[in-house]
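pasting the sequence and the predicted coordinates here, then a few questions.
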Amino acid sequence: MRAYLETQMVDPGDDRPFCDVAAVKDANVAQYPMPAVVGCPHLAAIASDPTTLTAVAHHLGALPTVLGYTAWWSFAGRSEAREAQFFHFDLDDYRICKLFIYLTDVDAESGPHIYVEGTHRPAIVAQARQAWSGGETDFDAWYLQRLRKTDAEVERVFNRRPAILTGPSGTSFLANTRGIHKGLLPDSGDRLVCQVLYGVSPRIQETLEPLDLGTPATGHVPDWVVGTPTLDYVNRLFLRPAAPP
């Protein structure tokens with residue numbers, strides 16, 4: 001998977017055009033375009049694995065829909081964190097769950113995923129809201145309107161030590177990113193991670209016509225990922241059976 005992605009162009013997130021990953025290591029983050037990620041070897045198969053889908057469906061309370069594929073590099077040695085390297089939470093859909101796969105070794109110094117356990121639960125947020133010294137309106141402004149939050153603020157508000165998810169290349173985990181989380185700014189060692197977003201409604205985050213199987217763009221995607229009505233439903237926004245000859 002990593003070898004494939006390293007042949008693809010990336011978006012450096014500024015005014016520069018898409019380019020080779022080696023040319024953007026002065027950036028904090030470089031993201032791959034979604035069509036390239038959809039066609040990444042093994043990813044659609046992992047995302048459609050029955051064990052994974054069963055766990056996601058149990059958590060969401062419904063058969064999931066894949067709402068997005070993402071892969072990006074986080075580069076070490078930057079002077080300050082940017083964007084999702086600060087604590088935040090996601091509102092991609094009414095109910096969400098994300099599958100993360102590390103494609104590089106990730107230790108405490110190379111940008112691990114940091115998650116404040118329990119903060120996806122409404123009761124925990126409500127408790128913090130009631131205890132907020134500035135009143136509930138002020139809490140709402142901090143929680144809902146301030147997209148990025150500092151480490152000190154999160155620790156003070158929720159009084160919870162975050163989990164640090166490390167592991168060798170190939171490590172994967174599911175997370176409900178309605179909870180407070182971030183990707184730590186790497187100190188040493190660049191991090192490559194891919195992500196699959198699951199939701200319960202077709203709130204696609206990026207307009208993309210479903211890709212036909214059996215084409216060069218989907219050459220690494222097995223036919224079985226849309227081979228049953230269930231899997232066809234799960235993957236319908238991004239993949240569809242090969243067009244008839």
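That came through fine.

so where's the protein uncertain?
204-206, 245 (pLDDT under 70).

which residue ranges of it form helices?
For the chain, the helices defined by DSSP state H cover 2-5, 34-38, 43-47, 50-60, 122-131, 136-140, 151-158, 229-234.

can you list contacts of the fourth one?
What that stands for is helix 50-60. 46, 63-64, 95-97, 99, 174, 176, 198-200, 234 (Cβ atoms under 8 Å, 6 or more residues apart in numbering). Heads up, the C-betas are built off the backbone N, CA and C, glycines and all.

cool, the third one as well?
Taking contacts as Cβ under 8 Å, 6+ apart, the residues outside helix 43-47 that touch it are 1, 37-38, 52, 66, 69, 99, 101, 172, 194, 196, 221-222, 224-225, 235, 238-239.

how does it look with 7 Å?
1, 37-38, 52, 66, 69, 99, 101, 194, 196, 221-222, 225, 235, 239 (Cβ atoms under 7 Å, 6 or more residues apart in numbering).

in that helix, what counts as buried?
L43, A44, A47 (16 or more other Cβ atoms under 10 Å).

top of the contacts of helix 50-60 by number of neighbours, please.
Ranked by the number of neighbours (other Cβ atoms under 10 Å), the contacts of helix 50-60 place Y198 first, at 27 neighbours.

how about that one, what does it touch?
Contacts of Y198 (Cβ under 7 Å, 6+ apart): V56, L60, P64, T65, V66, L67, I96, C97.

inside strands: which ones of the contacts of helix 50-60?
Among the contacts of helix 50-60, the members falling in strands (DSSP state E) are C97, L99, L174, Y198, G199.

taking the centroid of the protein, which residue is nearest it?
Q195 (4.1 Å; Cα atoms, centre = their mean).

how about that residue: what's its closest non-neighbour residue?
Nearest residue to Q195, sequence neighbours excluded (Cβ to Cβ, 6 or more residues apart in numbering): T70, at 4.5 Å.
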